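Asker: Need coordinates for the below:
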Amino acid sequence: MMKQHPQRQPAPAPVPTASTPAEARKLAENLMDVMSALLGVIERETELVRAGKIREAMTFEAKKTEFSRRYATTVAHLKASQNYLSQASPELLKTLHRHHDVFRAMLQINLTVLATAHAVSESIVRGVNTEMQRRNIPNTYTAAGRRAAPGPRQITPLTVSRSL
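Answerer: Numbering: from 1, shown residues only. Okay, the predicted model is just below:
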């Protein structure tokens, strides 16, 4: 039997760090820009979900993914530069932390709206399924006078089309 060697993954490129005031300022600007862009997309998506326009809200997925990727990259850069920023620009770091806290609060609102929409839609689907099953199951009773449990033949699967 031949042994297979796992393929070696190339080492990830080191995350660049800010080492000058200009680089620190540019990093802060990048983070503020990407947070603003991501919040803009998320706020629009939240408005559409609240209005029940799910299909329109889904069109923002690609932009949200791209801004999320840029956000993660910028945050990694910020973390790698934290020592320099805390020594050379502590006020800038504090300002970034404050803005990031607001950003996280806005994200939490979006997640709450999406979780509510998910729970409501799931409740509707479960209600429709329960009603379908109730109508399709015959009313029969056992010898003891209790309602008989339905067999597998009486249970009708629910099919949902996501393309509507």
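Asker: And the helices in this protein, which stretches?
Answerer: Along the chain, counting by DSSP state H, helices occupy 21-50, 54-58, 61-80, 82-88, 90-136.
Asker: other SSEs contacting the longest one?
Answerer: With contacts taken as 3 or more C-beta pairs under 8 Å, 6 or more residues apart in numbering; DSSP states H and E, helix 90-136 sits against helix 21-50, helix 82-88. Backbone N, C-alpha and C define where each C-beta goes, glycine included.
Asker: Pick the most deeply packed of the ones you listed.
Answerer: With neighbours defined by mean count of other C-beta atoms under 10 Å, none of these is more surrounded on average than helix 21-50, at a mean of 17.
Asker: now it, how far from the chain's geometric center?
Answerer: Its chain's average C-alpha position is 16 Å from that of helix 21-50, according to C-alpha atoms, centre = their mean, to the nearest Å.
Asker: circling back: kindly reformat the helices and strands packed on helix 90-136 as CSV containing mean pLDDT.
Answerer: Shown next, in CSV, are the helices and strands packed on helix 90-136 (pLDDT from 0 to 100):
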stretch, mean pLDDT
helix 21-50, 91
helix 82-88, 88
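Asker: Kindly reformat these as JSON lines containing distance to residue 114.
Answerer: Converted to JSON lines, these look like this (distance: least, C-beta to C-beta, whole Å):
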{"stretch": "helix 21-50", "distance to residue 114": "6"}
{"stretch": "helix 82-88", "distance to residue 114": "31"}
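Asker: Quick check: which of these is nearest to residue 110?
Answerer: helix 21-50 (4.8 Å; C-beta to C-beta).
Asker: Next, the angle helix 61-80 makes with that closest one.
Answerer: Relative orientation of helix 21-50 versus helix 61-80 (axes from the mean of the first three to the mean of the last three C-alpha atoms, to 10 degrees): 150 degrees.
Asker: what is the orientation angle of helix 21-50 with helix 90-136?
Answerer: 20 degrees.
Asker: just to revisit the earlier point, among the helices and strands packed on helix 90-136, which comes closest to residue 151?
Answerer: The nearest among those, by C-beta to C-beta, is helix 21-50 at 40.3 Å.
Asker: Show me what the closest one packs onto, helices and strands only.
Answerer: helix 54-58, helix 61-80, helix 82-88, helix 90-136.
Asker: okay if I get the ones you listed as TSV plus distance to residue 19?
Answerer: What follows is those, written out as TSV (distance: least, C-beta to C-beta, whole Å):
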stretch	distance to residue 19
helix 54-58	41
helix 61-80	11
helix 82-88	6
helix 90-136	14
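Asker: Just give me the neighbour total for residue 73.
Answerer: 13 (other C-beta atoms under 10 Å).
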